[in-house]
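Student: sequence first, then the predicted structure, then my questions.
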Amino acid sequence: MHKGYLCLVLHGHLPFVRHPEHEDFLEEDWLYEAITETYIPLINMFERLVADNVHFRMTMTLSPTLISMLSDELLSQRYIKHINRLIELSAKEVERTAGDQSFQPLAYMYRDNFCRCRDTFERYRHNLVNAFKSFQDAGCLEIITCGATHGYFPLMDVCQPSVRAQVQVAAAHYERAFGRRPRGIWLPECGYYPGHDQILKEAGLKFFISDAHAVLHATPRPKYGVFAPVYCKGSAVACFARDLESSKQVWSSIEGYPGDYNYREFYRDLGFDLDFDYIKPYIHPDGIRINTGIKYYRITGTGDHKEPYVADWARQKAAEHAGNFMFNRQKQIDHLYGLLEKKPIIVSPYDAELFGHWWYEGPQWLEFLIRKIAFDQDEISMITPSEYLAENPVNQAVVPSMSSWGWKGYSEMWLQGSNDWIYRHLHEASERMTELVKRFPDVNGLTKRALNQALRELLLAQSSDWAFIMGTGTHVEYAVKRTKDHLLNFNRLYEDIKSNSLDQGWLSGIESKDNLFTEIDYRVHQ
């Protein structure tokens, strides 16, 4: 008889990046890399587990912006060009490395991987959302939603209609994609602010994922710590808090598994290693060297010297680390079961792109772990939040603390000298959107199109990704431009709607470019 539960949660999200006005846009590669290195490997893993009748339960966010991009025809066609280019490059690499016993097997490995990615993408008719939906329909995966554009809710509390719009638009978008309403939500950046659970309840959501201190600092203090969900007082929406021990064991590149010297080195890529003339057809058309995803070296050590990657060694390490993770959870659950006198739940949430993109062996580790839990022990049961609440409907009611899983646990990552300028503009735009809804409660035609687009532009400007990028100092120019462009679009729409001077051609242009949430209703912003 099992003594406790393991709830694995992968957060799948990317900001909305779609530039039909450019033939080849650098930041669109974020999506193509994620498809190749994370989402298709996860899909192939799920397929193998289902084919082998392995019992498992996992939870996964698919954010509305990620779903929109995975479903977009233009981006799908561009992905096919991207993967075909990688297949061509890897085939050339097989020839270039002929006779090299260290590198040619790796060239074959990448060629086969890229061909498998293309085959999987074609098999699901260029829409990977269909793949994830099939696993949810089969009962082994629970897909939860997120904020519409991943807006950071604690810094939006002064404009609660925007928080409500982020949640309502996301829930409606999820229903359109999966044929039912979402039961749970990953609060963007795990950013919880007291009272927002009422907004979640309005949207029919039953639970959310938070960081540990949201519950540990709750009022009153939680009887079972983070090892049981709590209900938010007044709304009865459940909060599942992150277990710090199991999380750090995986995500930390220093103390966790991904830093093992046998794993693949992320920062050594063919796009920077080879002669420019050879690699030129496979990098950015402007001659900007970029990551190709073909990486021939292992981490090796802390210095610059790197040894060739050995796939068998890395696979063996992934199996060992999966066994170690399971052993630690068995000991943790055994201890907690005796201490709490009830079955604890270990909630282990991670960014999905850790698995495959940042940590190449991550999907292998995950598959080993799932198989070991299914066949090598009987103390741990995998579970989703919805299943846990169905089995355990009675839980303590508290008021969770404001929190996030960002740097230092609160809002510093999204509110600092590099990005603090954005909020006065975002808040002003939110107030203007509320004003428009009150002034035009029921319109049709061109005005309604403009109002819907105004809400799209506001939501896109609110994406927490832009503030995060400014804070990290990478791609800052792009993040600043996206924030300003969406605010400028919104403010022009605001003025044109009020003065009844809409330019239909210009409106059609931004509708075509920022084309997500086709069924949006501007009136949710109230």
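Tutor: In hand now; what should we look at?
Student: drop to CA atoms for contacts and neighbour counts, all remaining ones
Tutor: Fine.
Student: which residues of this protein fall in strands?
Tutor: Ranges of strands within the chain are 4-12, 58-62, 141-146, 184-186, 207-210, 230-232, 238-241, 345-351, 380-382, 397-398, based on DSSP state E.
Student: okay if I get those strands as TSV plus mean pLDDT?
Tutor: Converted to TSV, the strands of the chain look like this (pLDDT from 0 to 100):
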stretch	mean pLDDT
strand 4-12	98
strand 58-62	98
strand 141-146	98
strand 184-186	98
strand 207-210	98
strand 230-232	98
strand 238-241	98
strand 345-351	98
strand 380-382	97
strand 397-398	98
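Student: turn those strands into JSON lines, columns for mean neighbour count and distance to residue 130.
Tutor: Shown next, in JSON lines, are the strands of the chain (neighbours: other CA atoms under 10 Å; distance: least, CA to CA, whole Å):
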{"stretch": "strand 4-12", "mean neighbour count": "23", "distance to residue 130": "15"}
{"stretch": "strand 58-62", "mean neighbour count": "22", "distance to residue 130": "12"}
{"stretch": "strand 141-146", "mean neighbour count": "26", "distance to residue 130": "12"}
{"stretch": "strand 184-186", "mean neighbour count": "26", "distance to residue 130": "19"}
{"stretch": "strand 207-210", "mean neighbour count": "27", "distance to residue 130": "24"}
{"stretch": "strand 230-232", "mean neighbour count": "24", "distance to residue 130": "33"}
{"stretch": "strand 238-241", "mean neighbour count": "26", "distance to residue 130": "27"}
{"stretch": "strand 345-351", "mean neighbour count": "23", "distance to residue 130": "21"}
{"stretch": "strand 380-382", "mean neighbour count": "21", "distance to residue 130": "24"}
{"stretch": "strand 397-398", "mean neighbour count": "22", "distance to residue 130": "37"}
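Student: and those strands: which comes nearest residue 196?
Tutor: Ranking these by proximity to residue 196 (CA to CA) places strand 230-232 first, at 9.8 Å.
Student: quick check: angle from the worst-scoring helix or strand of the chain on mean pLDDT to strand 4-12?
Tutor: None of the helices or strands of the chain scores lower by mean pLDDT, DSSP states H and E than helix 244-251, at a mean of 91. Here helix 244-251 runs at an angle of 50 degrees relative to strand 4-12 (axes from the mean of the first three to the mean of the last three CA atoms, to 10 degrees).
Student: residues contacting helix 244-251, please?
Tutor: Residues from elsewhere that reach helix 244-251 (CA atoms under 8 Å, 6 or more residues apart in numbering): 212, 255, 256, 257, 258, 325, 329, 346, 348, 349, 350, 354.
Student: buried set for it?
Tutor: Using 16 or more other CA atoms under 10 Å as the test for burial, helix 244-251 gives 244, 246, 247, 248, 249, 250, 251.
Student: can you check stretch 330-337 too?
Tutor: Buried-residue list, stretch 330-337, by 16+ other CA under 10 Å: 330, 332, 333, 334, 336, 337.
Student: how far away is the nearest residue to residue 220 once chain neighbours are set aside from residue 212?
Tutor: Distance criterion CA to CA, 6 or more residues apart in numbering; nearest residue to residue 220, sequence neighbours excluded, is residue 398 at 5.7 Å. For residue 398, the distance to residue 212 equals 14 Å [CA to CA, to the nearest Å].
Student: send the alpha carbons of stretch 458-469 over as PDB?
Tutor: Extracted in PDB, the C-alpha atoms of stretch 458-469 (Å, rounded to 0.1, in the frame of the first residue of the first chain):
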ATOM      1  CA  LEU A 458      -3.000  45.200 -23.600                       C
ATOM      2  CA  LEU A 459      -2.700  41.500 -22.700                       C
ATOM      3  CA  LEU A 460       0.400  41.200 -24.900                       C
ATOM      4  CA  ALA A 461       2.000  44.200 -23.200                       C
ATOM      5  CA  GLN A 462       1.400  42.700 -19.800                       C
ATOM      6  CA  SER A 463       3.400  39.600 -20.500                       C
ATOM      7  CA  SER A 464       5.800  39.000 -17.600                       C
ATOM      8  CA  ASP A 465       8.400  37.700 -20.000                       C
ATOM      9  CA  TRP A 466       9.300  41.200 -21.200                       C
ATOM     10  CA  ALA A 467      10.000  42.500 -17.700                       C
ATOM     11  CA  PHE A 468      11.900  39.200 -16.900                       C
ATOM     12  CA  ILE A 469      14.100  39.600 -20.100                       C
END
